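**Student:** how does the following fold in three dimensions:
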Amino acid sequence: MYIQPYLFFNGTCEEAVTFYAKALGGKVVMLSRFKDAPTPPPSSDPDGGPQATPEQIKENDNRVMHARVEVHGQVIMASDCPSHFTYEGIHGCSIALGFDDVATGEKAFNQLAEGGQVGMPFGETFWSERFGMVVDRFGVSWMVNAGKPKAVPEGG
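**Tutor:** Predicted coordinates:
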């Protein structure tokens, strides 16, 4: 089994995955647009989602239908939300990253923080040599652990 985050954006997917590949030392290995699909995508969600107008279908042509970023054997997938769906942002979760090396973790944290908002500065904690939390400029929340884990006392 594997777990892969799948992120949705509101027209900024290509910029976001390019940013993540650079910040995390990975590579965008796939990026396809709605217009690249072999058959036109359905104009509505089979579960009764909103009906797309011809203008919205055309507007979606250049949006990213699917992207894949590979980072050290790990995968982050992403897409743009079609314009006829309500985009509500990314809420209720964070992507947790772990780095064996403090310097590498700090570099990734600082790059993710560019244009974003630091929730907890990257620093020493009782469980890890370094830890920090940031919401990047695309609205994705990240938790970055780096260095050796510390022994947590029983009951703590």
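
**Student:** how far off centre is stretch 15-30?
**Tutor:** Chain-centre distance of stretch 15-30: 10 Å, with Cα atoms, centre = their mean, to the nearest Å.

**Student:** in it, what's buried?
**Tutor:** 16-17, 19-21, 23-24, 26, 28 (16 or more other Cβ atoms under 10 Å). Using the backbone N, CA and C atoms, a C-beta is placed for each residue, glycine as well.

**Student:** then stretch 112-121?
**Tutor:** 112-113, 116.

**Student:** pick the one among these closest to A96.
**Tutor:** Closest approach to A96 among the buried residues of stretch 112-121 (Cβ to Cβ): L112, at 12.4 Å.

**Student:** lowest-pLDDT helix or strand in the protein?
**Tutor:** Ranking every helix and strand in the chain by mean pLDDT, DSSP states H and E puts helix 54-60 at the bottom, with a mean of 80.

**Student:** can you list the buried residues in it?
**Tutor:** 57, 59-60.

**Student:** just the ones of the buried residues of stretch 112-121 in helices?
**Tutor:** 112-113 (DSSP state H).

**Student:** can you redo the buried residues of helix 54-60 as TSV with distance to M133?
**Tutor:** Output for the buried residues of helix 54-60, formatted as TSV (distance: Cβ to Cβ, whole Å):
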residue	distance to M133
I57	39
E59	35
N60	33
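
**Student:** what's the helix or strand for the closest residue to F99 other than its chain neighbours?
**Tutor:** What sits nearest to F99 in space, not counting adjacent residues and going by Cβ to Cβ, 6 or more residues apart in numbering, is G105, at 3.4 Å. Using DSSP states H and E, G105 sits within helix 102-113.
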